[in-house]
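Colleague: Okay, predicted coordinates and the sequence, questions at the end:
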Amino acid sequence: MSEPILEVRKLNKRFGPVHVLHDVDLTVYRGQVTALVGDNGAGKSTLVKCIAGINSIDSGEIVFEGHPVTIANPSEAARLGIEFVYQDLALSDNLDITQNMFLGRELRRFGILHDGQMEKKARETLTSLSVRTVSSVRQVVASLSGGQRQTVAIAKAVLWNSKVVFLDEPTAALGVAQTRQVLDLVRRLADQGLGVVLISHNMNDVMEVADRVTALYLGRVAAEVQTKDSSVAQIVELITSGRSGNIGLAPAAVNEGI
Amino acid sequence: MTDPITQSQAGAGGAGEDPPGRPAVDVARGGPGSSTERASGFSLDVDRRGIGDAFRGYWDKIRSGDPGALPSILGLVILALIFSQVSNRFLSANNIGNLPGQGAYIAVIALGLVFVLLLGEIDLSAGTTGGICAGAAAQALNQHGLRHGIPGASFLYWIVVGLMLAAAALGLYLKARTGPAVVLVGVIITLTGLDKYTVPAIIFAVSLGAAVGIFTGWLVGKVGIPSFIVTLALFLAWQGVLLFLLNTQPIGVNGYNVWFQLAHGNMSPLWSWVFTIVVAGGYLVYTVVRSIRAQAQGLAAEKLSLVLLRGGIILAVAVVITALANQNRNTNPFKVINGLPWALSVPIALMIVCTIALTKTTWGRHLFATGGNAEAARRAGIDVTHIKVTAFTIGSSFGALGGVFLASATGGVQLDLGSGNILLFAVAAAVIGGTSLFGGRGKPRDAIIGALVIVIIPNGIGLRPSLPASYQNIITGAVLLIAAAVDALSRRRSAGR
């Protein structure tokens, strides 16, 4: 297996007396979808916020492309090429797709917005992701369906030659057909060589699209398994009890709780 | 994985083109998607928009909650038809020529309000801000320079200068540049005594407005007080400040030629034609060039026929108006009145500048984004506080200019200039024009059209003395209610999709 593009080692995070993350390891490889699963309160969001630079970390290190990095704020993460697509989509309804994809990073020429260039790039990006569900990149986001919005949000993350994309519950509010489109898109991102982290509660999605699964249980990594070697039942067991058969946390750690 | 190229080439409804073995994709195709979802491969971008498409696209826009200018223009036409029955003088050249002078102050205040309304905020104090700014300018002219003191309250001058400098510093701290620069220009004008001349005095009024706007924007954007409360408080406070500035003596401005001409003067017929050709012709040329270039580059573009039709209509209307305006419209045979009123061309020029700022600059794009979804804007790295401060700065600066126009129209700075209904009329103008009070949707154009609707009502009623003036407010209220209902209904429809 190649070098991981992003590696989190022994990360600890406390909120006052609450120890939210215990020595968490997370490894993301190029061209692979890594699923991050865990019950509510397991620490998924905190882990993502630590990597995004929204939360500080107490100890541990983040290694990006082989170099240890410190990420103090979201723009530093963006500069490294780590993008985040949040569950509550960060899109402005009244702007069109192109305007949203370039929001905050508009292209300019002679100090004036270079709309033509932005439109071309937006279309290229969507085409490279084989997005066929959008009829015009000049469509206002308010007129898009949930799946199309999710697609735009993901494409926005890809536009900036990002290397790692975190997707927080991208299919949570979608219907069957739209979930299908988004999962296809997630797979295509990985096939283009990006490291993709999929945070999801939906085991069917995880089993279908992910290569590897990192299961969190009460702030610890219960196990890191390959999807092809495991079953839904096994992962669900890891999520709910931290152990499954002979893999997972030692019984002592499971019983310790938080 | 399916080959991306095959997928991107799959046309609308081409469900059979996918390679076998991925039935799930076919589910997506046949799934209950909306009609836009079934069209694929950017079909709308590839097909050029023609006239038929424009109508269809417009209908879609109405359905998706953006009725544009049509309701307000329709309302204008209906009101004009009604008032032409009320009095046969309504459609006379003399009366039409008076409309811009009567309504320019509403249009200018509303233009500034559009920026604030786009953020989903409100500036109730723009009218009374205009009052103090026009009052300060009038007092400066009256005293041959404001630094010679404000009668009855000489200490007030240094308070004003100190507060302007403080506002400029505050603006720089909030990363605004243009606003503080305008304020500093005003400070220099008043310290050098240039404000005894009319034009510098009016510039001073605008820069005082900018200072007020920075202060308001700071209270709303940084301190975090709801804009309704902040500007309500300032609405009340500025009325008192105006009394100080005027030393409870109204000041007439008819003697200052430039100021008087703002609401009463006309451009010469030659310059009227130049203005019309540059504005309407320039619009036609610009849209045609844009259409041709976009088509050449394969961008989403409007069809040339559509662009020519729309630009041609606007140019034709503008030419007819200019030709009529250049006829003598004075009923008194001893003096010729002709040419486009300054009260028409100045607001239109300002509208063009505002439109460019909103649609062609990063700042304008960020303003729209903040109004649509402030959280998304913040996550995209936009400084939302800065956007709010600049929007309020523009709102108050235009309020100041509106106050100057109002003083010109009424002949002087009265003790209650800018208070009362004036600000509410300006808000109504923006909303009638199609600007949403919920933020994120609106155009400078709305302010101009809305102001025409607002001003046509008292004008039409005033032409028949037997009609009581009470009708004016009732009709204005009804028109506003209809406009707000159109806004709310279209919003609900777009949210219900």
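Modeller: Okay, I see it. Numbering: from 1, shown residues only, chains lettered A, B, ... in the order given.
Colleague: Measure how far stretch A:18-31 is from the centre of its chain, please.
Modeller: Relative to the centre of its chain, stretch A:18-31 is centred 13 Å away, using Cα atoms, centre = their mean, to the nearest Å.
Colleague: And that stretch, what's buried?
Modeller: Along stretch A:18-31, these residues count as buried under the neighbour rule (16 or more other Cβ atoms under 10 Å in any protein chain shown): A:H19, A:V20, A:L21, A:H22, A:V24, A:L26, A:T27, A:V28, A:Y29, A:R30. Any C-beta I mention is one placed from the backbone N, CA and C, and that applies to glycine too.
Colleague: which one of those residues is nearest A:E83?
Modeller: Within the set of the buried residues of stretch A:18-31, A:V28 lies nearest A:E83; the separation is 12.6 Å, counting by Cβ to Cβ.
Colleague: Surely that closest one forms part of a helix?
Modeller: No: in this structure, A:V28 is strand, not part of a helix, as judged by DSSP: H, G, I helix; E, B strand; the rest coil.
Colleague: Next, find the distance separating it from A:I51.
Modeller: Here the distance between A:V28 and A:I51 works out to 10 Å (Cβ to Cβ, to the nearest Å).
Colleague: Need the overlap of contacts for the two.
Modeller: Counting by Cβ atoms under 8 Å, 6 or more residues apart in numbering or on different chains, the residues touching both A:V28 and A:I51 are A:L6.
Colleague: Please pull out the lowest mean pLDDT helix or strand from chain B.
Modeller: Comparing every helix and strand of chain B by mean pLDDT, DSSP states H and E singles out helix B:23-30 as the least confident one, with a mean of 35.
Colleague: which residues sit in contact with B:A400?
Modeller: Taking Cβ under 8 Å, 6+ apart, we find B:A400 in contact with B:T129, B:G130, B:C133, B:A134, B:A205, B:V206, B:L208, B:G209, B:A210, B:V212.
Colleague: of those, closest to chain A?
Modeller: Nearest to chain A out of the contacts of B:A400 is B:A210 (Cβ to the nearest Cβ; 21.7 Å).
Colleague: and the closest residue to chain B within chain A, what element?
Modeller: Closest to chain B within chain A is A:A177: 2.9 Å, counting by Cβ to the nearest Cβ. A:A177 belongs to helix A:176-191 when elements are defined using DSSP states H and E.
Colleague: Then A:E7?
Modeller: If you go by DSSP H and E, A:E7 is part of strand A:4-15.
Colleague: Just the buried residues of that strand, please?
Modeller: For strand A:4-15, a neighbour-count test (16+ other Cβ under 10 Å) marks A:P4, A:I5, A:L6, A:E7, A:V8, A:L11, A:N12, A:K13 as buried.
Colleague: ditto for stretch B:197-209
Modeller: Within stretch B:197-209, the residues that qualify as buried are B:Y197, B:T198, B:P200, B:A201, B:I202, B:I203, B:F204, B:A205, B:V206, B:S207, B:L208, B:G209, counting by 16+ other Cβ under 10 Å.
Colleague: Report the two of the contacts of B:A400 separated the most.
Modeller: With distances taken as Cβ to Cβ, the most widely separated pair in those is B:A134 and B:A210, at 14.4 Å.
Colleague: which residues of chain A fall in strands?
Modeller: With DSSP state E as the definition, chain A shows strands at residue ranges A:4-15, A:18-29, A:33-38, A:59-64, A:67-69, A:82-85, A:108-109, A:112-113, A:164-168, A:195-199, A:212-217, A:220-226, A:243-244, A:247-248.
Colleague: of the ones you listed, which approaches A:T151 most closely?
Modeller: Closest to A:T151 of these is strand A:82-85 (Cβ to Cβ; 10.3 Å).
Colleague: State the mean pLDDT of that closest one.
Modeller: Strand A:82-85 shows a mean pLDDT of 87 in the predicted model.
Colleague: Between its first and last residues, how far does stretch B:136-151 reach?
Modeller: With Cα to Cα, to the nearest Å as the measure, the first residue of stretch B:136-151 is 12 Å from its last.
Colleague: Can you name every helix or strand that the host helix or strand of B:A166 contacts?
Modeller: Using DSSP H and E, B:A166 falls within helix B:155-173. For helix B:155-173, the elements it packs on are helix B:178-191, helix B:198-217, judged by 3 or more Cβ pairs under 8 Å, 6 or more residues apart in numbering or on different chains; DSSP states H and E.
Colleague: export these to TSV and tack on distance to chain A and mean pLDDT?
Modeller: Formatted as TSV, the entries for these read as follows, by distance: least, Cβ to the nearest Cβ, whole Å; pLDDT from 0 to 100:
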stretch	distance to chain A	mean pLDDT
helix B:178-191	13	92
helix B:198-217	21	94
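Colleague: Just give the nearest non-adjacent residue to A:T151, would you?
Modeller: Spatial nearest neighbour of A:T151, chain neighbours left out: A:V131 (5.5 Å); criterion: Cβ to Cβ, 6 or more residues apart in numbering or on different chains.
Colleague: is it true that the one you found touches A:Q150?
Modeller: No: A:V131 lies out of contact with A:Q150 (Cβ atoms under 8 Å); the separation is 10.8 Å.
Colleague: Pretty sure B:L262 sits in a strand.
Modeller: No: the assignment for B:L262, made by three-state DSSP, is helix rather than a strand.
Colleague: That one: neighbour count?
Modeller: Taking other Cβ atoms under 10 Å in any protein chain shown as the criterion, the count of residues near B:L262 is 26.
Colleague: roughly how far out does stretch A:203-218 sit from the chain middle?
Modeller: Between the centre of stretch A:203-218 and the centre of its host chain there is 12 Å, according to Cα atoms, centre = their mean.
Colleague: Please apply the same query to stretch B:367-379.
Modeller: Once both centres are worked out by Cα atoms, centre = their mean, stretch B:367-379 turns out to sit 20 Å from its chain's centre.
Colleague: sorry, back to before: could you pick out which of the buried residues of stretch A:18-31 are near chain B?
Modeller: When contact is defined as Cβ under 8 Å from any Cβ of the partner chain, the buried residues of stretch A:18-31 do not meet chain B at all.
Colleague: how about TSV for those residues, with pLDDT added?
Modeller: Rendered in TSV, the data for these read as follows (pLDDT from 0 to 100):
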residue	pLDDT
A:H19	87
A:V20	87
A:L21	89
A:H22	86
A:V24	89
A:L26	90
A:T27	90
A:V28	91
A:Y29	91
A:R30	89
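Colleague: where does the chain have low pLDDT?
Modeller: Because you didn't say which chain, this covers chain A. Scanning chain A for pLDDT under 70 picks out A:1, A:89, A:250-258.
Colleague: my question was about chain B
Modeller: Counting by pLDDT under 70, chain B shows low-confidence ranges at B:1-68, B:490-497.
Colleague: Tell me where it has strands.
Modeller: Using DSSP E, strands in chain B cover B:251-252, B:412-413.
Colleague: Any idea which of those gets closest to chain A?
Modeller: It's strand B:412-413; of those, that one is closest to chain A (Cβ to the nearest Cβ) at 38.6 Å.
Colleague: Make CSV out of the strands of chain A and add distance to B:G193.
Modeller: Supplementary listing: these in CSV, determined by distance: least, Cβ to Cβ, whole Å:
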stretch, distance to B:G193
strand A:4-15, 62
strand A:18-29, 65
strand A:33-38, 69
strand A:59-64, 62
strand A:67-69, 59
strand A:82-85, 57
strand A:108-109, 41
strand A:112-113, 39
strand A:164-168, 62
strand A:195-199, 66
strand A:212-217, 72
strand A:220-226, 75
strand A:243-244, 85
strand A:247-248, 83
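Colleague: of those strands, which approaches B:V431 most closely?
Modeller: Comparing those against B:V431 with Cβ to Cβ, the closest turns out to be strand A:112-113 (27.4 Å).
Colleague: and that closest one, what does it pack onto?
Modeller: In terms of contacts (3+ Cβ pairs under 8 Å, 6+ apart), strand A:112-113 is packed against helix B:342-360.
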